[in-house]
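> okay, sequence plus prediction incoming.
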2 protein chains.
Amino acid sequence: MERKRIAIVGVGLIGGSLAIQLHEKKISSKLIGVDVNPVHAKKAVELELVDEVVSLDEAINQSDIIFLAIPVDIVVELLPAILNKIKDQIVIDLGSTKLQSINAIKTHPKRGRFVATHPMWGTEYSGPEAAVKGAFENKAVIICNPEESDADALEWVKAMYKKIGMHLLEMEAKAHDLHAAYVSHISHITSFALANTVLEKEKEQQAIFELASAGFESTVRLAKSNPAMWVPIFMQNKENVLDVLKEHISQLTRFKESIEKNDNEYLLRLIEEANKIRKILK
Amino acid sequence: MERKRIAIVGVGLIGGSLAIQLHEKKISSKLIGVDVNPVHAKKAVELELVDEVVSLDEAINQSDIIFLAIPVDIVVELLPAILNKIKDQIVIDLGSTKLQSINAIKTHPKRGRFVATHPMWGTEYSGPEAAVKGAFENKAVIICNPEESDADALEWVKAMYKKIGMHLLEMEAKAHDLHAAYVSHISHITSFALANTVLEKEKEQQAIFELASAGFESTVRLAKSNPAMWVPIFMQNKENVLDVLKEHISQLTRFKESIEKNDNEYLLRLIEEANKIRKILK
């Protein structure tokens, strides 16, 4: 794989972790960062995630490849403008929702230079200091609407994701957003709501601190996630998220009713049903 | 610490892991298992978690210390009968609810021989094969209503828990059950309900298998937990569990409403509020 000059717009958790992998796997000849947050920009250079931080326009001019690792509302906003400015660079986004960004440039003359991807990796932390080595390895990456990308762009993106250790899946954007609501977005909502529940009910914070077990930490850890990332995800994927959230509230209501009615049999059945997740989880 | 003959009633995840620690820390001279499930009984001996498995009556006769690592409904059922049969042995339970078991033997002449404890450790797995080495280490253990136990019994139990690496907290049973609902029981309900939600909505199980990220796994892993353990916990702690569950449904409803109304501001505030869990989680 010939080394490329690569720009990463958004050098936070995802962009920063990607930068480390691109450097480690010798995919980049130069790593150029772009970040609207001057503290993050400075930090990304200090941590040597990128070689330098420049403006978006400069980054577009200086690079062969442009990654967008920014909140999904900003992807929708910036993507048409970036496609207006590129020559034949490849533009790749890594957002958690895909339909709106793809629709935003559906008929753009440079549509083919864009590849929509969603690497299924993240943590509850954010910013360049949250970037970690070895991220993405052995995880899935979804490439959406591959038929709308130019063959050379698609080929490079696939080779790059393979080289950083990911396995590829292809999916239409609409299907992606539906599945993402089920296996990722709803987990974040339950975790945020669980944190708010406990913060509301448990006035003795010392008790949480002392008693919280690994189980609690595991269900609530996503509640630390960055609102700037997650508000636009939920809003862009509104229909699917609401659909699964309503089902979740209805499932919780079943637990409530079984306990209210002292219906041990029903509660047992609900839990046995939940146990079936064992068959599916890796 | 003088070595003791120790009986463990219920040689599953908790009892088995405790057996390993008692043996490792040279607290036991002999480990006697009791289990109603003959497959678990056989397995516990095969895995050398205990030296032998005998009947409950034999175990009471042969031991200085009796641990109850069984579902909390069985604790309430067996505890009075066990106290009827002991001479001066110490009886310790490790259940996740405390009020009902303590109330069941409140006026029993042997009340002092009983110490009610809740080590804040567990996993989503069950049975003797789920037992792990090094469990309980650096975790909290709550001793409930210590003033109702005999001084010698309390002293031994405290020394034992310290020796297996736990730090001690004392709490009244009622307060314990309240806090446990907030920092443990609700997490299990949300996880069970989340599993049922995803199993209900996501008919393409292959998609869950391929796409599920670490975030999903972490929020849903408790859904693998054993129903025989959890049904009686939720039922015994009905009032507190319902209280926190109602709050949780109401918190989820806020997320639903903010998304339905496209109220980005409100959704942002809800997530920022949830982020405060960062201050409390270790």
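Arrived safely, thanks for sending.

> measure stretch A:25-40 end to end?
24 Å (Cα to Cα, to the nearest Å).

> list of residues touching it?
A:1, A:3-12, A:15, A:19, A:21-23, A:41, A:44-45, A:49-56, A:58-59, A:62-63, A:127-128, A:160, A:163-164 (Cβ atoms under 8 Å, 6 or more residues apart in numbering or on different chains). C-beta: built from backbone N, CA, C; applies to glycine.

> please spell out the PyMOL selection for the buried subset of these.
To isolate the buried members of these in PyMOL, using 16 or more other Cβ atoms under 10 Å in any protein chain shown:
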select buried, chain A and resi 4+5+6+7+8+9+10+11+12+15+19+21+22+23+41+44+45+49+50+51+53+54+56+59+63+127+128+160+164
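
> filter the contacts of stretch A:25-40 down to the ones close to chain B.
Among these, none lies close to chain B by the criterion of Cβ under 8 Å from any Cβ of the partner chain.

> so which of the contacts of stretch A:25-40 belong to strands?
A:K4, A:R5, A:I6, A:A7, A:I8, A:V9, A:E52, A:V53 (DSSP state E).

> ok, and for the worst-scoring helix or strand of chain A on mean pLDDT, which residues are buried?
Across the helices and strands of chain A, mean pLDDT, DSSP states H and E gives its lowest value to helix A:205-211, namely a mean of 75. Along helix A:205-211, these residues count as buried under the neighbour rule (16+ other Cβ under 10 Å): A:A207, A:I208, A:E210, A:L211.

> does chain B have contacts with stretch A:65-77?
No. Stretch A:65-77 lies apart from chain B when judged by Cβ under 8 Å from any Cβ; the minimum separation is 9.1 Å.

> name the residues that touch that stretch?
Stretch A:65-77 is contacted from outside by A:4-12, A:14-15, A:18, A:59-60, A:78-79, A:82, A:86, A:89-97, A:100-101, A:104, A:156, A:228-229, A:232-233, A:235-236, using Cβ under 8 Å, 6+ apart.

> narrow those residues to those in helices?
If you go by DSSP state H, the contacts of stretch A:65-77 have A:14-15, A:18, A:59-60, A:78-79, A:82, A:100-101, A:104, A:156, A:228-229, A:232-233, A:235-236 in helices.

> per-residue confidence at the most centrally placed residue in chain A?
The residue lying closest to the centre of chain A (Cα atoms, centre = their mean) is A:S96, at 4.3 Å. A:S96 is assigned a predicted lDDT (pLDDT) of 96.

> run a quick neighbour tally on the residue nearest to it when sequence neighbours are not counted.
Nearest non-adjacent residue to A:S96, counting by Cβ to Cβ, 6 or more residues apart in numbering or on different chains: A:I233, 4.9 Å away. If you count neighbours by other Cβ atoms under 10 Å in any protein chain shown, A:I233 ends up with 23.

> isn't A:R221 right next to A:E124, touching?
Yes. Counting by Cβ atoms under 8 Å, A:E124 is a contact partner of A:R221 at 5.3 Å.

> A:L245 and B:L252 touch, don't they?
Yes. Using Cβ under 8 Å, A:L245 is in contact with B:L252, at 6.8 Å.

> which neighbours do those two have in common?
Joint contacts of A:L245 and B:L252 (Cβ under 8 Å, 6+ apart) are A:I189.

> could you check how far A:L13 is from chain B?
Going from A:L13 to chain B by Cβ to the nearest Cβ, to the nearest Å gives 12 Å.

> name the nearest residue to that residue, sequence neighbours excluded.
A:A130 (4.2 Å).

> show me what contacts that neighbour?
Taking Cβ under 8 Å, 6+ apart as the test, what A:A130 contacts is A:G12, A:L13, A:G16, A:S17, A:T123.

> and it, how close does it get to A:N37?
13 Å (Cβ to Cβ, to the nearest Å).

> go on, A:I8?
14 Å.

> ok, A:R113 next?
Counting by Cβ to Cβ, the gap from A:R113 to A:N37 is 27 Å.

> give me the residue from the stretch 1-150 of chain A nearest chain B.
Nearest to chain B in the stretch 1-150 of chain A, going by Cβ to the nearest Cβ, is A:M120, at a distance of 4.5 Å.

> quick check: that residue touching A:V141?
Yes. Contact criterion Cβ under 8 Å: A:M120 and A:V141 qualify, at 6.7 Å.

> now list whatever residues contact both of the two.
When Cβ under 8 Å, 6+ apart defines a contact, no residue borders A:M120 and A:V141 alike.

> can the least confident helix or strand of chain A be found next to chain B?
Yes. Using Cβ under 8 Å from any Cβ, a contact is recorded between helix A:205-211 and chain B, made by A:Q205, A:A207, A:I208, A:F209, A:E210, A:L211.

> what does stretch A:170-181 give?
Yes. Against chain B, stretch A:170-181 shows contacts by Cβ under 8 Å from any Cβ at A:H179, A:A180.

> where do the helices sit along the stretch 151-282 of chain A?
Using DSSP state H, counting those that start in this stretch, the helices of the stretch 151-282 of chain A run over residues A:151-163, A:173-180, A:186-201, A:205-211, A:214-220, A:227-236, A:238-260, A:264-275.

> worst mean pLDDT among the ones you listed?
Here the lowest mean pLDDT among the helices of the stretch 151-282 of chain A goes to helix A:205-211, at a mean of 75.

> counting by contacts, list what that helix packs against.
Helix A:205-211 sits against strand B:140-144, helix B:173-180, helix B:277-280, with contacts defined as 3 or more Cβ pairs under 8 Å, 6 or more residues apart in numbering or on different chains; DSSP states H and E.

> as TSV, these with mean neighbour count would be great.
Formatted as TSV, those follow (neighbours: other Cβ atoms under 10 Å in any protein chain shown):
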stretch	mean neighbour count
strand B:140-144	22
helix B:173-180	21
helix B:277-280	17
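
> would you reformat these as JSON lines and include distance to A:E200?
Formatted as JSON lines, the helices and strands packed on helix A:205-211 follow (distance: least, Cβ to Cβ, whole Å):
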{"stretch": "strand B:140-144", "distance to A:E200": "23"}
{"stretch": "helix B:173-180", "distance to A:E200": "14"}
{"stretch": "helix B:277-280", "distance to A:E200": "11"}
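
> please convert these to JSON lines, extending it with distance to chain A.
Below are the helices and strands packed on helix A:205-211 laid out as JSON lines (distance: least, Cβ to the nearest Cβ, whole Å):
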{"stretch": "strand B:140-144", "distance to chain A": "6"}
{"stretch": "helix B:173-180", "distance to chain A": "5"}
{"stretch": "helix B:277-280", "distance to chain A": "4"}
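
> which residues does A:A116 form a beta bridge with?
Here A:A116 sits in beta bridges with A:D93, A:C144, going by DSSP bridges.

> what separation do you get for it and A:A151?
Taking Cβ to Cβ, one finds A:A116 at 15 Å from A:A151.

> neighbour count: the two, which is higher?
Taking other Cβ under 10 Å, A:A116 and A:A151 do not tie; A:A116 has more neighbours (28 against 10).

> pretty sure that one sits against A:E172.
No. Contact between A:A116 and A:E172 fails when scored by Cβ under 8 Å: they sit 10.4 Å apart.

> what's the overlap in contacts for the two?
Counting by Cβ under 8 Å, 6+ apart, the shared contacts of A:A116 and A:E172 are A:C144, A:N145.

> in JSON lines: the contacts of A:A130, plus pLDDT.
Listed next are these as JSON lines, based on pLDDT from 0 to 100:
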{"residue": "A:G12", "pLDDT": "97"}
{"residue": "A:L13", "pLDDT": "97"}
{"residue": "A:G16", "pLDDT": "98"}
{"residue": "A:S17", "pLDDT": "98"}
{"residue": "A:T123", "pLDDT": "92"}
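
> on the three-state scheme, A:Y125 is what?
Three-state call for A:Y125 (DSSP: H, G, I helix; E, B strand; the rest coil): coil.

> test my guess that it contacts A:L13.
Yes. Between A:Y125 and A:L13 a contact is recorded at 6.0 Å, counting by Cβ under 8 Å.
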